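Peer 1: predicted coordinates and the sequence they were generated for:
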Amino acid sequence: MTDTMPPRQEVEAALTRVTQWPGLARSPQLVKFLNYIVEARLSGNEGGIKAYSIAVDVFGRQQSFDPQSDPIVRVQARRLRSALEEYYAEAGAGESLRFYLPVGRYIPEFRTAADDGKVAAPESRPPPAASKPPVRPIMARIDDIILVVLLTGVALALALIGTQVLAPRHSRLEVPQPPHVSVTEFTSVAAGGAPSVSVAGLSVELVTDLDLFPFVEAAYLQRADEARDRPAPYELTGIARTEGSEVQVTASLKRAGSDTAIWSMTQRVPIEQLPDSLDQLSGAFADQLGAIDGPLHADAVAWLASTTDIAGAETDYVCGLLFTLYRAQGSAELGQRARSCVSGLIRLQPASAAALSMRGTLLLDATLRTQPPGRPDPEPIAEAGRQIEQALKLAPTSSPVWREYAFYLEHTGRFGEAEAAFTSALQLNPSDLDAVAGYGRLLVLRGPSDKGKTLAEQALRRAVMAPYWYHEAPAVDALRAAEYNRALSEAEALVSGDAELASMIGTVAARKLGYQDVLNRYIAQLLEVTRFRRFGILPVLRQRLGDDALRDEIAVELAAAGIDQAALNGPY
């Protein structure tokens, strides 16, 4: 960084050039971000360049903005940093004054080309003269050649025997690959002769947001007919149609080479709010596209449904899909398939961080489902922790690994550390809805929490098809708030995967509402839950729910509903 502040005129000229560069100009928010921090530094207001002020002044966040739960500034700073690096590597290579955004800070640095510390190429020296090897007799060289040919033939024969005779035979599978989508600019149109409104920059925002999702690869294309070395199987584009006082923005996904959309979604925005809404529009579209049950993964999910034997074809993508589907649905069959897939992946890739974190979570899950509440076998739990911690060492910037670590910490009672791990996961990927829902559940099940309630509601609102466990926090919150109709509705959504909380909450809510038929149904379900029968209802409830007052209230209501003390407190 230069020792003294460059002249303002020189800085402003350099700022104009970089913000007019098409690679940055396509994203108005990044331009506004850079202008804001550069102007603040020129004005001597470096102390005001903080995440909170940037979020409120640049990205339109509310005064209640919390940088711990909303990583918008960190995400956009990473995007700005990458854009500046690309500019100075290409179009701005000749710039004498350059803007740098240090990692972990938002105060820009003004540097000159000399500050880059380019090291001169080392002086070239002629290579030393190679000494000539002694010349061997011609017959000795021929013998060597014959020996090499014979050994090669033997090796090929052994390899053929090993692969064709001794090795187990598997059919050659066409294993699905992670989806690759190209994103082009949206077209602006207007009804009734009204002037059209540009959404330039939305496509770049979409590329950034889609790249946050595991397994999704997105690329920006300036023209729909641009030549590509690697054509993307999917193409995403859309229109921004102005009608009256609003803009209707529609995103459409199609397969390459087809004119038929396989997915579309429309968002409506008032015209005056459009410039500040690109981030929200992009996030809404990306949530639908990048989700496991979204259109980009539909082919792979269908392949898994029709292909039961995938031995030898395990990949991060295939196993990740099975793992996510199991977490979303909770079926024993999917759990077994996920465990088999991850075990095969570990054999193929022993240092796969994704595989290690998934195997640790699956081991923890199986242990907690079968061991007595409060008295589980410590060794499998410790082994699950070792595997996830090893994954974290291999991939310290992986949002999915931090998320699994947070779940492990939560289930082993290290709640403060679990909160920090969830925060790390969301800082790395704000689009990880499992992390959003998991963080909300952690907070709500431990006691009243407005933040937890907000996170849980956000996960439900953004999900394409919310997994059953996304309803655990809302169900507990509704029961705590004595909103029994809402509690009953959330319990119904939980039944498919979490019979424990669903039957307990459903029984209490139905009794409070006087719904006798519903009460009888939930009591019958409650008494048939496997862990309740093996360990008792209240011991399981103490493991699941950290709110003592609410737990005591549930115990009283269950007893009043006719559940005897023997079933409440022990096996039956």
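Peer 2: It's in. Residues are numbered from 1 along each chain as shown.
Peer 1: can you pull the contacts of the residue positioned nearest the centre of the chain?
Peer 2: Nearest residue to the geometric centre of the chain (C-alpha atoms, centre = their mean): residue 432, 3.6 Å. The neighbourhood of residue 432, defined by C-beta atoms under 8 Å, 6 or more residues apart in numbering, consists of 212, 399-400, 403, 425-426. For the C-beta atoms, the positions are set from N, CA and C on the backbone; glycine is no exception.
Peer 1: ok, it to residue 399 distance?
Peer 2: 5 Å (C-beta to C-beta, to the nearest Å).
Peer 1: which neighbours do these two have in common?
Peer 2: 212, 425-426.
Peer 1: now the strands for the stretch 1-150 of the chain?
Peer 2: Using DSSP state E, counting those that start in this stretch, the strands of the stretch 1-150 of the chain run over 97-100, 109-112.
Peer 1: just the chain next, same as before
Peer 2: 97-100, 109-112, 180-184, 187-190, 217-221, 234-243, 246-255, 261-270 (DSSP state E).
Peer 1: and the angle from the fifth one to strand 180-184?
Peer 2: Angle of strand 217-221 versus strand 180-184, following axes from the mean of the first three to the mean of the last three C-alpha atoms, to 10 degrees, is 30 degrees.
Peer 1: centre of the chain to strand 217-221, how far?
Peer 2: 18 Å (C-alpha atoms, centre = their mean, to the nearest Å).
Peer 1: Provide the strand pairings for that strand, with the direction of each partner.
Peer 2: Partner strands for strand 217-221, per DSSP bridges, with pairing direction: strand 180-184 (parallel).
Peer 1: return the helix or strand in this protein with minimum mean pLDDT.
Peer 2: None of the helices or strands of the chain scores lower by mean pLDDT, DSSP states H and E than helix 138-161, at a mean of 54.
Peer 1: hang on, the earlier thing: by neighbour count, which of the shared contacts of residue 432 and residue 399 wins?
Peer 2: Ranked by the number of neighbours (other C-beta atoms under 10 Å), the shared contacts of residue 432 and residue 399 place residue 425 first, at 26 neighbours.
Peer 1: what pLDDT is listed against that residue?
Peer 2: Residue 425 is assigned a predicted lDDT (pLDDT) of 93.
Peer 1: quick one: contacts for it?
Peer 2: Neighbour list for residue 425: 399-400, 402-403, 406, 432, 435 [criterion: C-beta under 8 Å, 6+ apart].
Peer 1: domains in the protein, as residue ranges please.
Peer 2: Listed by automatic domain parsing, the domain ranges of the chain are 8-116, 180-283, 467-572.
Peer 1: what's the most buried one of those domains?
Peer 2: Sort those by mean neighbour count, taking mean count of other C-beta atoms under 10 Å, and domain 467-572 sits at the top with a mean of 19.
Peer 1: now do it, average pLDDT.
Peer 2: pLDDT averaged over domain 467-572 gives 95.
Peer 1: make 225 the first number, not 1, from now on.
Peer 2: In the new numbering, first residue 225, that becomes domain 691-796.
Peer 1: start and end of that domain, how far apart?
Peer 2: 31 Å (C-alpha to C-alpha, to the nearest Å).
Peer 1: so how far is residue 655 from residue 553?
Peer 2: Residue 553 is 21 Å from residue 655, by C-beta to C-beta.
Peer 1: of those two, which one has the most company?
Peer 2: Shown here are residue 553 and residue 655; by other C-beta under 10 Å, residue 655 has more neighbours (22 against 15).
Peer 1: not counting residues beside it along the chain, what's closest to that one?
Peer 2: Spatial nearest neighbour of residue 655, excluding adjacent residues (C-beta to C-beta, 6 or more residues apart in numbering): residue 436 at 4.6 Å.
Peer 1: what of residue 751?
Peer 2: Residue 751's closest residue in space is residue 791 (C-beta to C-beta, 6+ apart), at 6.9 Å.
Peer 1: wait, doesn't the one you found sit right on residue 761?
Peer 2: Yes. Counting by C-beta atoms under 8 Å, residue 761 is a contact partner of residue 791 at 6.1 Å.
Peer 1: can you give me the helices for the stretch 225-374 of the chain?
Peer 2: 232-244, 246-249, 252-266, 275-281, 296-313, 362-385 (DSSP state H, counting those that start in this stretch).
Peer 1: for those helices, give me CSV that also has distance to residue 796.
Peer 2: Putting the helices of the stretch 225-374 of the chain into CSV (distance: least, C-beta to C-beta, whole Å) gives the following:
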stretch, distance to residue 796
helix 232-244, 71
helix 246-249, 67
helix 252-266, 60
helix 275-281, 54
helix 296-313, 51
helix 362-385, 60
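Peer 1: out of these, flag the one nearest residue 494.
Peer 2: Closest to residue 494 of the helices of the stretch 225-374 of the chain is helix 252-266 (C-beta to C-beta; 16.9 Å).
Peer 1: between that closest one and helix 296-313, how big is the angle?
Peer 2: Per the same axes, to 10 degrees, the angle that helix 252-266 makes with helix 296-313 is 90 degrees.
Peer 1: who are the packing partners of helix 252-266?
Peer 2: helix 232-244, helix 246-249, helix 275-281, helix 296-313, helix 502-514 (3 or more C-beta pairs under 8 Å, 6 or more residues apart in numbering; DSSP states H and E).
Peer 1: just the helices from the stretch 475-624 of the chain, written as ranges.
Peer 2: 502-514, 522-530, 540-553, 556-572, 577-594, 602-618, 623-635.
Peer 1: out of these, deepest packed?
Peer 2: Greatest burial across these, using mean count of other C-beta under 10 Å, falls to helix 623-635, with a mean of 25.
Peer 1: just want the angle from that one to helix 602-618.
Peer 2: 150 degrees.
Peer 1: what lies in contact with helix 623-635?
Peer 2: Helix 623-635 is contacted by residues 436, 438, 544, 577-578, 581-582, 584-585, 588, 592, 608-609, 612-613, 615-616, 619, 639, 641-643, 645-646, 648-650, 652-653, 656, 658-659, 662-663, 666 when judged by C-beta under 8 Å, 6+ apart.
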